[in-house]
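> Provide a 3D model corresponding to the input given below.
(chains A, B, C and D, ligands or ions: 8)
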There are 4 protein chains.
Amino acid sequence: MRLLFLGDIVGRSGRKAVVDALPGLRRRYALDFVIINGENSAGGFGITEAILDELIEAGADAVTLGNHAFDQKDALVFIERYPQLIRPINYPKGTPGRGASLLKTQAGADVLVINAMGRIFMPEMDDPFRAIDAELTACRLKQGADAIFIDFHAEATSEKQALGYFVDGRATAVVGTHTHVPTADDRVLPNGTAYISDAGMCGDYNSVLGMEIDEPLNRFITKIPRQRFEPATGPATISGLAVDIDDKTGLATNCGALRIGPHLEPAAPAFWEG
Amino acid sequence: MRLLFLGDIVGRSGRKAVVDALPGLRRRYALDFVIINGENSAGGFGITEAILDELIEAGADAVTLGNHAFDQKDALVFIERYPQLIRPINYPKGTPGRGASLLKTQAGADVLVINAMGRIFMPEMDDPFRAIDAELTACRLKQGADAIFIDFHAEATSEKQALGYFVDGRATAVVGTHTHVPTADDRVLPNGTAYISDAGMCGDYNSVLGMEIDEPLNRFITKIPRQRFEPATGPATISGLAVDIDDKTGLATNCGALRIGPHLEPAAPAFWEG
Amino acid sequence: MRLLFLGDIVGRSGRKAVVDALPGLRRRYALDFVIINGENSAGGFGITEAILDELIEAGADAVTLGNHAFDQKDALVFIERYPQLIRPINYPKGTPGRGASLLKTQAGADVLVINAMGRIFMPEMDDPFRAIDAELTACRLKQGADAIFIDFHAEATSEKQALGYFVDGRATAVVGTHTHVPTADDRVLPNGTAYISDAGMCGDYNSVLGMEIDEPLNRFITKIPRQRFEPATGPATISGLAVDIDDKTGLATNCGALRIGPHLEPAAPAFWEG
Amino acid sequence: MRLLFLGDIVGRSGRKAVVDALPGLRRRYALDFVIINGENSAGGFGITEAILDELIEAGADAVTLGNHAFDQKDALVFIERYPQLIRPINYPKGTPGRGASLLKTQAGADVLVINAMGRIFMPEMDDPFRAIDAELTACRLKQGADAIFIDFHAEATSEKQALGYFVDGRATAVVGTHTHVPTADDRVLPNGTAYISDAGMCGDYNSVLGMEIDEPLNRFITKIPRQRFEPATGPATISGLAVDIDDKTGLATNCGALRIGPHLEPAAPAFWEG
Ligand SMILES: [Fe+2]
Ligand SMILES: [Fe+2]
Ligand SMILES: [Fe+2]
Ligand SMILES: [Fe+2]
Ligand SMILES: [Fe+2]
Ligand SMILES: [Fe+2]
Ligand SMILES: [Fe+2]
Ligand SMILES: [Fe+2]
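Ligands and ions are numbered 1, 2, ... in the order given. Next up is the predicted model:
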């Protein structure tokens, strides 16, 4: 099975790049399942129903979130109607929406998608290790699901790496998000789980985290906000991780970066080429 | 001019990999200047004089530090005798050692090396933006120095990117360190400064930040320390950034990742090959 | 019922003051129940079994803890044998010891003692609001217990106040600890729960948090540790909260500060005097 | 000389209480100088020129600020026109306004008022210890000023206490602000500086930090904002510190809490009574 994950979409520029590229990518690589982090897709803050529809239309099978999940308040309502929209599982009990969702590929395979937030340098959430462990215990690879994908939305590389080893052999892939910068440590861990510390963002990289440079720089220098953050409007790069899955075990056989667009070194999954 | 930077050396495994590889790299690429971050070279915590000597012997022209600069207390003393050893410039006034050092290549070019610490999710240091600005104002490219290199030891990608734009066109390169994970966003910024959010570490990547997995994982799960952190002892990968410098302007013409060793995708500076 | 709580005992000086004063206080005020926070009683870091025995001997009915609960590793073992020793309830499931304990006064009344840690500017614990809510739901005032006491070990006044209102009318008292400074906001909340943001410490107040001044001050100024923190050795002040309980409702009728010793303004519960 | 400091005014309720009480307090105690922290006086966030005028009119000789200094953007402009309005001194160089101001009492004495922000659990400011040290070196007690008052706006009790000892004997008083809860540790330090960890707020204490309880409580429980914070509208308590100054040395001979209003235990400076 072939799975593609794309990191945090930032604003209109990021959305356009994803929507333009995704149909072609699905065809070119015969993708079975596509997951996109959409926590910054609405002007940098949260997601709207119209944008979610647009992403699904363009070929997203699942959309994950993060600390900006509910920046657009409507999301608290429409998230209940979309099994494809997954918010961090370690929000307090009773939070609208779901933190894990069992979804089907077109070919009928079951993919469990989990979203979780780290706690180091992040809001005070429930324990992500225990929340994920409970899911993996309830739904084992090739028993409850043909593939299990975890978007771990976290700041600290230590926490991300620790989670990778924690689920190694029990999940198909752990992909970090939130820093908006792709890391170069994509690999299959010893027991078969694909891992990358951060998938990067889908946005204009001539920016600070996808936002126009001026205001973030102003705040670092003066410590006094001058205006709101605005998404950068230059052409976006899409950035993510391609994961090749062994249908017998549900584990990863290969993974590799996908990067298309200006500013960053382009990357494509060699194991799917040719 | 050809400059190579290698990220945080972690423990014996990282030291061995660097010391083994560096002489060959200097020859192969005809390197003019080599900078290494050594803040974790002594068992993961700080640096000793013997290790510093070993790194210089192996071909390091400069060694930078970070939040672990003075974990080995002797460093407070011997740092005064080594112009090549540079600690974060934004420690309080009066801190032993220097935060910027003007060093010579064998060919006689002047390289200003600056080390600074970020403040987001980090100890309470002086303002790195102002400290760096003062250095760049006092020592301009091609006036005070033929190349200016900044090791920005920081956690948050926002702060690293903001600093990149802040010095773009005034420094040869800004290289992030501290997360121990290489990022894939190496590029030359619009005004000629080479940039990468993090150079990664020189250490065993089958680890949590270069440390044996068990204890960090234990702490994330139980919140109760059980033992000390110990550097992982498997074979290390060296990771860093190669920077090609225009001798006329002192700015970067090219930059690219260097990664040699297991676990990570190998990388070499194509612009120096062949 | 008359309940006395004493804040974090710091080191030998704090222990001595408590052990000297407690028998007399029990007699003078005819105290029914005494709770002491002991997280810093062993040289400033954690608690030993010998110290716990000493405190029980001196008249403590319960000893609560905090972020330093397990600084002395033995506590992970002996805590299982002492129903009077209570660690934060929002440690991860499986942590040795208990976070709530139903104890008896000499007169046979049942007192539920809960210890919890805040999460703002503190380690990443489970949700204290939910953990406490579960206890209060399972054990209601005058049904499961004659009094319910909560030691909320937290940094931020916002979190402490919010917890106060959250349990107002369901618990006898919420007493903050951890800052080692007594606050002057002791009062009975609108629905009958006694509240104070911080009970202060039992220790030498000519200090920084009960520790010798030099090293903390050195670290604020130089950002480089020079030696370990050592408890200050001058005479200690004991500091805490007296709570007068309505036996019919289990709620508080009165509360007031108790402070005995040098440096701070003395305070005694007027409602128990004369 | 008699000096009164009042802690953070929160919203309309806090303003009304201060404006109503201050003229009477000035008369009753024959106050020479009154300082008020106004960082939350405008609806909880910042200060406006109209409010500043109102406070000066009511008898404030100086108004200090904190992390909310510039929440009302106009303050960046009008602060330049008011020597009585003092923002944290450790904002970056170039910030509008001043961090220290030498002001005159009606009797012609010189009072240096310094405002500074702590850095523990706070925004990334310049070093408050060094900034204050520079002021105290430039302006010595009874040489440059007849009294030196420091409003240290900080979260951590450790940092506040450390600063107290750092300036003990060089300043008349160090008063903490920012937690909005008065502490009970007011005292004159060994070398003559009056100290309290926090002066508390002037606001409705039936609240969370002066704000209506519902929304802060909601955020602690659900982690999802539902609405803006609004100042509580019940009657306010004014809270602060009275400092009695030796005219020969400029040091404090006495200090004590002042609290007038509902919810908290009333307090008045006994040394000025009768
Ligand atoms: Fe994001
Ligand atoms: Fe995020
Ligand atoms: Fe490091
Ligand atoms: Fe570091
Ligand atoms: Fe404590
Ligand atoms: Fe504590
Ligand atoms: Fe305030
Ligand atoms: Fe504040």
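> which residues in the stretch 151-274 of chain A form strands?
Remark: strands assigned in the stretch 151-274 of chain A by DSSP state E, counting those that start in this stretch are A:173-177, A:187-188, A:194-196, A:238-245, A:252-260.
> and the ones you listed: which comes nearest chain D?
Closest approach to chain D among the strands of the stretch 151-274 of chain A (C-beta to the nearest C-beta): strand A:173-177, 18.3 Å. Backbone N, C-alpha and C define where each C-beta goes, glycine included.
> what pLDDT, on average, does that closest one get?
Predicted confidence along strand A:173-177 averages 98 (mean pLDDT).
> just checking, what packs against that strand?
Contact partners of strand A:173-177 among helices and strands, from 3 or more C-beta pairs under 8 Å, 6 or more residues apart in numbering or on different chains; DSSP states H and E: strand A:2-6, strand A:147-153, helix A:157-167, strand A:194-196, strand A:238-245.
> so what's whichever residue of the stretch 151-274 of chain A sits closest to ligand 2 closest to, chain neighbours aside?
When distances are taken as C-beta to the ion, the stretch 151-274 of chain A reaches nearest to ligand 2 at A:His178, 3.9 Å away. Computed as C-beta to C-beta, 6 or more residues apart in numbering or on different chains, the closest residue to A:His178 that is not its neighbour in sequence is A:His153, at 4.7 Å.
> let me see the contact set for the one you found.
Applying C-beta atoms under 8 Å, 6 or more residues apart in numbering or on different chains, one finds that A:His153 lies in contact with A:37, A:39, A:64-67, A:88, A:115-118, A:176-178.
> any idea how far chain D is from it?
From A:His153 over to chain D the distance is 14 Å, taken as C-beta to the nearest C-beta, to the nearest Å.
> just the pLDDT for that residue.
Predicted confidence (pLDDT) for A:His153: 99.
> measure it to ligand 7 for me?
Look at A:His153 and ligand 7: by C-beta to the ion, to the nearest Å, they are 31 Å apart.
> same deal with A:Phe45?
26 Å.
> repeat that for A:Phe78.
Between A:Phe78 and ligand 7 the distance is 37 Å, computed by C-beta to the ion.
> A:Pro235 now?
Looking at A:Pro235 against ligand 7, where the rule is C-beta to the ion, the gap reads 44 Å.
> can you pull the contacts of the residue lying closest to that residue once chain neighbours are set aside?
Closest residue to A:Pro235 apart from its sequence neighbours, by C-beta to C-beta, 6+ apart: A:Pro262 at 5.6 Å. Taking C-beta under 8 Å, 6+ apart as the criterion, A:Pro262 is in contact with A:Tyr205, A:Asn206, A:Gly234, A:Pro235, A:Thr237.
> give me that answer again for 10 Å
The contact partners of A:Pro262, taken as C-beta atoms under 10 Å, 6 or more residues apart in numbering or on different chains, are A:Asp204, A:Tyr205, A:Asn206, A:Gly234, A:Pro235, A:Ala236, A:Thr237, B:Arg187.
> can you check A:Lys223 too?
Contacts were defined as C-beta under 10 Å, 6+ apart; by that measure A:Lys223 touches B:127, D:67, D:69-70, D:88, D:90-92, D:95, D:117, D:123-126.
> quick check: phi and psi at it.
Torsion angles at A:Lys223 (phi, psi; degrees, to the nearest 10) stand at phi 70, psi 10.
> and A:Ala116, what are its phi and psi?
As for A:Ala116, its main-chain torsions (degrees, to the nearest 10) stand at phi -150, psi 160.
> report the separation between it and D:Ser101.
Here the criterion is C-beta to C-beta, to the nearest Å. By it, A:Ala116 lies 50 Å from D:Ser101.
> in terms of neighbours, single out the busier of those two.
The residue with more neighbours, out of A:Ala116 and D:Ser101, is A:Ala116; 30 against 19, by other C-beta atoms under 10 Å in any protein chain shown.
> so that one sits right up against A:Ala154, yeah?
Yes. Proximity of A:Ala116 to A:Ala154 meets the contact threshold set by C-beta atoms under 10 Å, at 8.1 Å.
> what residues are shared contacts of those two?
By C-beta under 10 Å, 6+ apart, A:Ala116 and A:Ala154 have these common neighbours: A:Gly66, A:Pro88, A:Pro128, A:Leu163.
> the last one is in contact with B:Phe220, isn't it?
In other words, A:Leu163. Yes. The pair formed by A:Leu163 and B:Phe220 meets the contact definition of C-beta under 10 Å, at 7.7 Å.
> now the common contact residues for these two.
When contacts are counted by C-beta under 10 Å, 6+ apart, the set common to A:Leu163 and B:Phe220 consists of A:Gly118, A:Pro128, A:Phe129.
> out of these, who's nearest ligand 4?
Using C-beta to the ion, A:Gly118 is the member of those that lies nearest ligand 4, at 18.2 Å.
> can you tell me the closest non-neighbouring residue to that closest one?
Excluding its sequence neighbours, the residue lying closest to A:Gly118 (C-beta to C-beta, 6+ apart) is A:Ala154, at 2.5 Å.
> burial of the one you found, as a residue count?
Neighbourhood size, A:Ala154 [other C-beta under 10 Å]: 28.
> between the contacts of A:Lys223, which is closest to ligand 4?
Checking these against ligand 4 by C-beta to the ion gives D:Glu124 as the nearest, at 16.9 Å.
> residues contacting the closest one?
D:Glu124 neighbours (C-beta under 10 Å, 6+ apart): A:220, A:223, B:118-120, B:122, B:124-128, B:159, D:92.
> which residues touch the residue of the stretch 151-274 of chain A closest to ligand 2?
Listed by C-beta under 10 Å, 6+ apart, the contact partners of A:His178 are A:7-8, A:37, A:39-40, A:66-68, A:117-118, A:121-122, A:151-156, A:160, A:198-199, A:201, A:209, B:157.
> just the buried residues from the residues you listed, in PyMOL please.
Selecting only the buried members of the contacts of A:His178 in PyMOL, with burial defined as 16 or more other C-beta atoms under 10 Å in any protein chain shown, works like this:
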select buried, (chain A and resi 7+8+37+39+40+66+67+68+117+118+122+151+152+153+154+155+156+160+198+199+201+209) or (chain B and resi 157)
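> which of the contacts of A:His178 are close to ligand 1?
Checked against ligand 1 using C-beta under 5 Å from the ion, these give the following subset in range: A:Asp8, A:Glu39, A:Asn40.
> all set, thanks.
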